[in-house]
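Asks: dropping a prediction and its sequence here:
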Amino acid sequence: MPNSYTRLYLHLIFAPKHRFFIHSKEKRDNILRYISGIITNHKSHLLSGIVMPDHVHLLIVLHPAVSVSEIAQKVKANSSKHINEQEWSPGKFSWSDGYGAFTVSHSKFETVKKYIQTQEEHHRKHKFYDEMKEFFAAHNISVDQGEGFWSANPEEKA
């Protein structure tokens, strides 16, 4: 076959460092628009996304020349810079070091898209920490509770 054909769906999840909350809906919408531009600038496309007060969900069609780690690093670094330039954080804002990245089949991308679009409703009943434990279990990922991109169980913080 002389050409390459791909459709790579990626569900990317990450959270602010130190469990910082972004309360303003206007700021969260601004951050999502900024993130969409970053993704577009890296030859990829944002299908769905939401910036929640304490985490982000993105469903991306990833360009085959862009790695998962590259898109995660670019999105987090550039959006952190944007947030700091806007002075929306009392101190220096940054995203946590890690992230969750999960592939999505074409037959399931609409399900994931709807899941992302209903995050506000979902988190009225489920905490982010518990949500991530469920993601890890569903994808057979073993993590140490003291490590990982959510930093630590927020209920354990003093």
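Replies: On my side now, so go ahead. This is a predicted model, so every value here is computed, not measured.
Asks: in this protein, which spans are helices?
Replies: For the chain, the helices defined by DSSP state H occupy 25-41, 68-86, 109-117, 119-122, 128-138.
Asks: give me the distance from the last one to the chain's centre.
Replies: Centroid separation between helix 128-138 and its chain, computed with CA atoms, centre = their mean, to the nearest Å, is 14 Å.
Asks: one more: stretch 119-131?
Replies: Using CA atoms, centre = their mean, the offset of stretch 119-131 from its chain centre is 14 Å.
Asks: and what of stretch 51-66?
Replies: On CA atoms, centre = their mean, the centre of stretch 51-66 falls 5 Å from the chain's centre.
Asks: returning to that earlier point: nearest to residue 18, out of the helices of the chain?
Replies: Nearest of the helices of the chain to residue 18, taken as CB to CB: helix 68-86 at 12.7 Å. Where C-beta positions appear, they are placed from N, C-alpha and C, glycine not excepted.
Asks: tell me what that closest one is packed against?
Replies: Using 3 or more CB pairs under 8 Å, 6 or more residues apart in numbering; DSSP states H and E, the elements in contact with helix 68-86 are strand 8-14, helix 25-41, strand 56-62.
Asks: make JSON lines from those and add mean neighbour count, distance to residue 88 and mean pLDDT to it.
Replies: Output for the helices and strands packed on helix 68-86, formatted as JSON lines (neighbours: other CB atoms under 10 Å; distance: least, CB to CB, whole Å; pLDDT from 0 to 100):
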{"stretch": "strand 8-14", "mean neighbour count": "20", "distance to residue 88": "17", "mean pLDDT": "95"}
{"stretch": "helix 25-41", "mean neighbour count": "15", "distance to residue 88": "5", "mean pLDDT": "97"}
{"stretch": "strand 56-62", "mean neighbour count": "23", "distance to residue 88": "15", "mean pLDDT": "97"}
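Asks: so can I have a markdown table of the ones you listed showing distance to residue 106?
Replies: Shown next, in a markdown table, are the helices and strands packed on helix 68-86 (distance: least, CB to CB, whole Å):
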| stretch | distance to residue 106 |
| --- | --- |
| strand 8-14 | 7 |
| helix 25-41 | 19 |
| strand 56-62 | 10 |
